[in-house]
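Enquirer: Next comes the sequence, and after it the predicted model I'd like to discuss.
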There are 2 protein chains.
Amino acid sequence: MEIHIAKMAGFCFGVKRAVEIAFETATTAPDRKVGTLGPIIHNPQVINRLKESGVLPLSEDAEGVGDFDTIIIRTHGIPAGLFDSLKERKFDLIDATCPFVKKAQQYAKLLKEEGYQVLILGDGNHPEVKGILSYAGAGALVVGSDEELPGLKDRVGVVVQTTQPVDALKRLLNSIVETSREIKVYNTICSFTALRLRETEELAGKVDIMVVVGGKNSANTRQLTTLCRRIGVETHHIETTGELSPSWFKGINKVGITAGASTPEWIIKEVLERIENFHE
Amino acid sequence: MEIHIAKMAGFCFGVKRAVEIAFETATTAPDRKVGTLGPIIHNPQVINRLKESGVLPLSEDAEGVGDFDTIIIRTHGIPAGLFDSLKERKFDLIDATCPFVKKAQQYAKLLKEEGYQVLILGDGNHPEVKGILSYAGAGALVVGSDEELPGLKDRVGVVVQTTQPVDALKRLLNSIVETSREIKVYNTICSFTALRLRETEELAGKVDIMVVVGGKNSANTRQLTTLCRRIGVETHHIETTGELSPSWFKGINKVGITAGASTPEWIIKEVLERIENFHE
């Protein structure tokens, strides 16, 4: 049995940076109470390790934050209003917002200042999108790629949730050109995410079964799963090795493994080793 | 036999305005030598009527212009350099550039000034596009909708030849988002043109034969012909009634007539009457 791992599987630049910041903070400030606004990444196993180091996940809307000294902002970023109020309350704020997400926030602000109606392509329930939206001004809208667009203004500015597929952006632009005369687009899709999607797609086309590793609450991991299933290959989305079943691999020649941006390498390694053991 | 005429067939706003300007100039300045830079519209019949009124078509690059007093710039516009040199030479310049084309020129200039690499979607051999290109700066490119794009810069600005179909713009944007991070689009497609294409498409789907009336050298008339043929309906592109053949209409129930933006109403009327006569 051959096992192939997608090259871009696992932690992206922004997640790696944020997790390092969190562990570092735990080490350098052992006497302070440290919390993250929402789980720092969408991976329960990493969150547990951080808890053991003394970094606790708070709710994303900063409830109960008063008991803490140091607050870490996770990769997704937070809304502008919350950022300002935490700053005013003199917390020790550590900003681990992914630099690509930060850019999307800044572009949304710029488009608003230039008088565009800002459209954010993405999932309105995702914290990253809520954060970007807070910079985008009064008339801003969050749109999914296949949603019917409401009546748009004549001048539309577009930013994109960093983990969206580029095809979604294409479909959105195809709709906007029908109604708006001026469109300014910042393609804020993270190229790492785009690459991972492409590599996963290629891998899924070559194997008999795909194992997608990552938090069940991770949007980008779920996106990988959806992609593999669309290709028609048998696909299992697991968080940990415990969910692997030997029966999946009976009579299988080629296995593909991919993982979301918030899946640490050690979990991917464990999955690989467990599948290898099934075979022996 | 039913005969249907597309509602938007014939002269558009810009052409109507330019032809009126040309005839007016002939009337108000009978003692001056009046020329147009290139035929004022792509319709030989209108050009002949203007010649009879004393307005002569000059070559588009202003060769032999020295013998004239008054120069009319046609709907397509002219390159910035030519405009400036004619102004310097103290000609009586009358600018009948279509206001929508003028806008496309100004947007190209604006995009250049904002530091974008300017892309013009259109036909590089068309005088309108040559004019727009002259405002678009050094790195500017003219691209057809189905051409392979060369390596683009990170910041790309797009303007569109006014008579392009919106689908061509969609295809172009789909390519650009793959490579550039910032895209500013001025959709300078003339809505009149878009409407005429849509109405012609609808009409062509309902009739047994389409007659497209307009200059053989008119790009937008040829575009209508291509569109009808793509739909699969028998289509004839004619300039004048003389080209109509009674045999086309034998056993036909429904005839559709459409016409390009440079086709005057009197020609459309003549075509309609001639086809009606075939039937009697």
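Expert: Happy to help now that I have it.

Enquirer: Spatially nearest residue to A:Glu265, not counting backbone neighbours?
Expert: A:Gly10 (5.4 Å; Cβ to Cβ, 6 or more residues apart in numbering or on different chains). (C-beta placed from N, C-alpha, C; glycine too.)

Enquirer: Would you agree that neighbour falls within a strand?
Expert: No. Counting by DSSP: H, G, I helix; E, B strand; the rest coil, A:Gly10 falls outside a strand, being coil.

Enquirer: wait, what's in contact with A:Gly215?
Expert: Each residue near A:Gly215 by Cβ atoms under 8 Å, 6 or more residues apart in numbering or on different chains is listed here: A:41-44, A:221, A:239, A:260, A:262-263.

Enquirer: ok, A:Ile94 to A:Ala18 distance?
Expert: 10 Å (Cβ to Cβ, to the nearest Å).

Enquirer: list the residues that contact both of the two?
Expert: A:Ile72.

Enquirer: out of the two, which sits in the busier spot?
Expert: Per other Cβ atoms under 10 Å in any protein chain shown, whichever of A:Ile94 and A:Ala18 has more neighbours is A:Ala18, with 26 against 17.

Enquirer: Distance check, that one against B:Pro39.
Expert: A:Ala18 is 65 Å from B:Pro39, by Cβ to Cβ.

Enquirer: now A:Gly251
Expert: In terms of Cβ to Cβ, A:Gly251 sits 74 Å off from B:Pro39.

Enquirer: Comparing those two, which residue is more hemmed in?
Expert: B:Pro39 (20 against 6).

Enquirer: I figured that one was touching B:Asn48, is that so?
Expert: No. Judged on Cβ atoms under 8 Å, B:Pro39 makes no contact with B:Asn48 at a distance of 10.2 Å.

Enquirer: Disregarding residues adjacent in the polypeptide, which is nearest to A:Gly64?
Expert: Using Cβ to Cβ, 6+ apart and skipping the chain neighbours, the partner closest in space to A:Gly64 is A:Leu58 (6.2 Å).

Enquirer: got the contact list for the one you found?
Expert: A:35-38, A:64-65, A:68, A:71 are the contacts of A:Leu58 under Cβ under 8 Å, 6+ apart.

Enquirer: what's the most distant pair in these?
Expert: Maximum pairwise distance among these (Cβ to Cβ): 13.4 Å, between A:Gly38 and A:Phe68.

Enquirer: Residue numbers of chain A in contact with chain B?
Expert: Selection of chain A residues close to chain B by Cβ under 8 Å from any Cβ of the partner chain yields A:166, A:169-170, A:173-174, A:177-178, A:180-187.

Enquirer: Among the residues you listed, name the buried ones.
Expert: Among these, those classed as buried by 16 or more other Cβ atoms under 10 Å in any protein chain shown are A:166, A:169-170, A:173-174, A:177, A:180-187.

Enquirer: and which of those residues is nearest A:Ile132?
Expert: For those, the nearest to A:Ile132 is A:Tyr186 (10.7 Å; Cβ to Cβ).

Enquirer: Give the bridge partners for the closest one, please.
Expert: A:Val159, B:Glu182 (DSSP bridges).

Enquirer: For the stretch 51-200 of chain A, just list every one of the helices.
Expert: Secondary structure of the stretch 51-200 of chain A (DSSP state H, counting those that start in this stretch): helices located at A:80-88, A:99-113, A:127-133, A:166-176, A:191-204.

Enquirer: any idea which of the contacts of A:Gly215 is closest to chain B?
Expert: A:Gly260 (23.2 Å; Cβ to the nearest Cβ).

Enquirer: now the closest one: how far from B:Asp208?
Expert: Separation of A:Gly260 from B:Asp208 (Cβ to Cβ): 57 Å.

Enquirer: Same drill for the two, tell me which one is more crowded.
Expert: Applying other Cβ under 10 Å to A:Gly260 and B:Asp208 shows that A:Gly260 carries more neighbours, namely 30 against 16.

Enquirer: Give the burial count for A:Ser245, as a bare number.
Expert: 10.

Enquirer: Could you do the one 4 residues further on as well?
Expert: In terms of burial, A:Phe249 registers 18 neighbours under the definition other Cβ under 10 Å.

Enquirer: So it is in contact with A:Val207, correct?
Expert: No. Using Cβ under 8 Å as the test, A:Phe249 is too far from A:Val207 to be in contact (11.4 Å).

Enquirer: Quickly list what's touching both of these two.
Expert: A:Val255.

Enquirer: Relative to A:Leu133, which of the residues of chain A next to chain B is nearest.
Expert: Of the residues of chain A next to chain B, the one sitting nearest to A:Leu133 (Cβ to Cβ) turns out to be A:Tyr186, at 14.6 Å.

Enquirer: Next, the contact list for the residue nearest the centre of chain A, please.
Expert: Most central in chain A under Cα atoms, centre = their mean is A:Asn220, positioned 5.4 Å from the mean C-alpha point. Counting by Cβ under 8 Å, 6+ apart, A:Asn220 touches A:163, A:193, A:196, A:214, A:260-262.

Enquirer: Could you list the buried residues of stretch A:159-170?
Expert: Neighbour count says stretch A:159-170 has A:159-166, A:168-170 buried, by 16+ other Cβ under 10 Å.

Enquirer: before we move on, back to that, so what pairs up with the residue nearest to A:Gly64 in the strands?
Expert: A:Leu37.

Enquirer: Switch the helices of the stretch 51-200 of chain A over to CSV; also include mean pLDDT.
Expert: Output for the helices of the stretch 51-200 of chain A, formatted as CSV (pLDDT from 0 to 100):
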stretch, mean pLDDT
helix A:80-88, 94
helix A:99-113, 97
helix A:127-133, 96
helix A:166-176, 94
helix A:191-204, 91
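
Enquirer: Deepest in the core, which of those helices is it.
Expert: Compared across those, helix A:127-133 shows the largest average neighbour count, a mean of 24 (mean count of other Cβ atoms under 10 Å in any protein chain shown).
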